[in-house]
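Q: only geometry, no sequence info:
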Ligand SMILES: Cc1cc2nc3c(=O)[nH]c(=O)nc-3n(C[C@H](O)[C@H](O)[C@H](O)COP(=O)(O)OP(=O)(O)OC[C@H]3O[C@@H](n4cnc5c(N)ncnc54)[C@H](O)[C@@H]3O)c2cc1C
């Protein structure tokens, strides 16, 4: 089949790799000048500054995409573990280093909170591993055609019930650890799914597994290198990538099936199937005139957004800084209430400060640092008027980062607020897509196929399985499976 992939985000690239392995002719049309989409990068004044994801987990899923392209990841990008994975700094001044590997982490918890909590970590890690095994094949790496697909793998479902997967995450984590600081570090990952730990079901602890147990990694040369490497691998496998090629319309036959795409230049590209990587609700609105997005995408609950400040700065970080530094604010539950329920800024914001140049001197000139500061904020359904408040909030964030001891003498910088994410085509101004509430997950999430438009398949964070680099890579593989099914169906019809 001739398959057009709209967008060279990680979802589009992974889909292209799997499609190519299946023998399709694949052409990617990307509106930008670089691959990677949200996993982007700015190269300026001697700095290479990542402006997207910073926490890479489950690198084996990235390896899967390279394998599909007939390559090995190490030919294109070198991935290294980050240790400590996080430095967690709490409002009371205490500091926990989240370490790679059970032994090192158990020793650190022993130092931080004593032997009882250290022993609890072993049980917690065992529970997370069981939870992950029960979920990965049946619920994450799986396409869904109906709600029944959720109950068919009943053994795995029963195992999840047995493991307490449907209890609330905060309570489950508290059943292992009595130290509130440990409860925070092992449940904040719910935020990656757009939820507060008190809202999330324990099944989402699988994100904690991917992160705190399987470990955090970083590509040499910065996060964007994984997208750059994958784009080179799929190109070497025979995929054509056109940059500066904005798709304005998905073309359809009289029966509704896709027949190609139209570009901003007016050119048309014929296709038997189209894989669509732009944010799903935006794609329905702008590329598929006349076909409404599924209800969950139109009416659903979107994840909180973020204010992102990336800067090349003069000076070096404090001696105790780690690659990833989480500065927790006070009032844990109040922070989530502000972000998710009230739609306002956290009263004492928790922030992530990532220093990629700490482990990779090539990312900043001598004596300088690459600074990445992310503050979670409400999305555009919230009550912050970013056109008026941006400067004040940014001023506050700059001051805070300086007070925490990081260098803030800026050589070059960029700031992204929810209005900027919206301008880049992200629904409700959030780069983190639909939240993973139970009703927006699995068969309830906007599906990657739509019966009304045969031959159209979605990939990326707003469809199955969900948000974040690992999930988006899986979504590319699932999209290729859908194209495989479609190819089979259409060949039967033609016959
Ligand atoms: C600031 C930030 C921090 C994050 N932190 C993490 C993290 O630490 N860990 C993690 O796992 N995830 C993180 N994420 C989330 C992760 O980056 C995303 O889930 C993932 O990269 C989304 O990939 P995607 O393929 O779905 O979409 P995208 O990357 O958005 O790809 C879509 C592509 O389609 C292109 N496109 C759109 N419209 C058109 C059109 N009309 N024609 C042609 N091309 C088009 C876009 O240019 C883009 O290249 C973060 C994201 C951001 C922004």
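A: Arrived safely. Keep in mind the model is a prediction, meaning the values are calculated, not measured.
Q: what's the closest non-adjacent residue to residue 335?
A: residue 346 (4.3 Å; Cβ to Cβ, 6 or more residues apart in numbering). Every C-beta, even on glycine, is put in place using the N, C-alpha and C of the backbone.
Q: What count of nearby residues applies to the one you found?
A: 21 (other Cβ atoms under 10 Å).
Q: how about residue 255, what does it touch?
A: When contacts are counted by Cβ atoms under 8 Å, 6 or more residues apart in numbering, residue 255 touches residue 454.
Q: phi, psi of it?
A: With angles defined as degrees, to the nearest 10, residue 255 sits at phi -80, psi -10.
Q: again, but for residue 28
A: Backbone phi and psi, for residue 28 under degrees, to the nearest 10, turn out to be phi -100, psi 130.
Q: what pairs with it across the strands?
A: On the basis of DSSP bridges, residue 28 is bridged to residue 5, residue 241.
Q: measure it to residue 171 for me?
A: For residue 28, the distance to residue 171 equals 45 Å [Cβ to Cβ, to the nearest Å].
Q: Those two: which has the busier surroundings?
A: When neighbours are counted by other Cβ under 10 Å, residue 28 comes out ahead of the other of residue 28 and residue 171, with 28 against 14.
Q: Hmm, that one is touching residue 239, no?
A: Yes: assessed by Cβ atoms under 8 Å, residue 28 is found in contact with residue 239 at 6.3 Å.
Q: Now do stretch 334-348: everything it contacts.
A: If you take Cβ under 8 Å, 6+ apart as the criterion, stretch 334-348 is touched by 91, 195-199, 304, 329-331, 349-350, 375-378, 381-384, 393.
Q: how about the closest residue to the ligand within the stretch 101-250 of the chain, what does it touch?
A: Scanning the stretch 101-250 of the chain for proximity to the ligand using Cβ to the nearest ligand atom identifies residue 247 as nearest, at 3.8 Å. Taking Cβ under 8 Å, 6+ apart, we find residue 247 in contact with 6, 29, 31, 261, 262, 263, 264, 287.
Q: Am I right that the fourth one sits in a strand?
A: Right, the one you point to is residue 261. Yes: using DSSP: H, G, I helix; E, B strand; the rest coil, the assignment for residue 261 is a strand.
Q: what about it, how many neighbours?
A: Residue 261 - counted by other Cβ under 10 Å - has 24 other residues nearby.
Q: Now that it has come up, it's in contact with residue 252, right?
A: No: using Cβ under 8 Å, residue 261 is not in contact with residue 252, being 10.3 Å away.
Q: What are the buried residues along stretch 43-51?
A: 47, 48, 49, 50, 51 (16 or more other Cβ atoms under 10 Å).
Q: go on, stretch 166-177?
A: For stretch 166-177, burial by neighbour count (16+ other Cβ under 10 Å) applies to 168, 169, 170, 172, 173, 174, 175, 176, 177.
Q: Residue 57 pairs with what?
A: Note on residue 57: beta-bridge partners by DSSP bridges are residue 216.
Q: which ones are touching residue 41?
A: Shown in contact with residue 41 (Cβ under 8 Å, 6+ apart): 34, 48, 49, 50, 51, 52, 222, 223, 224.
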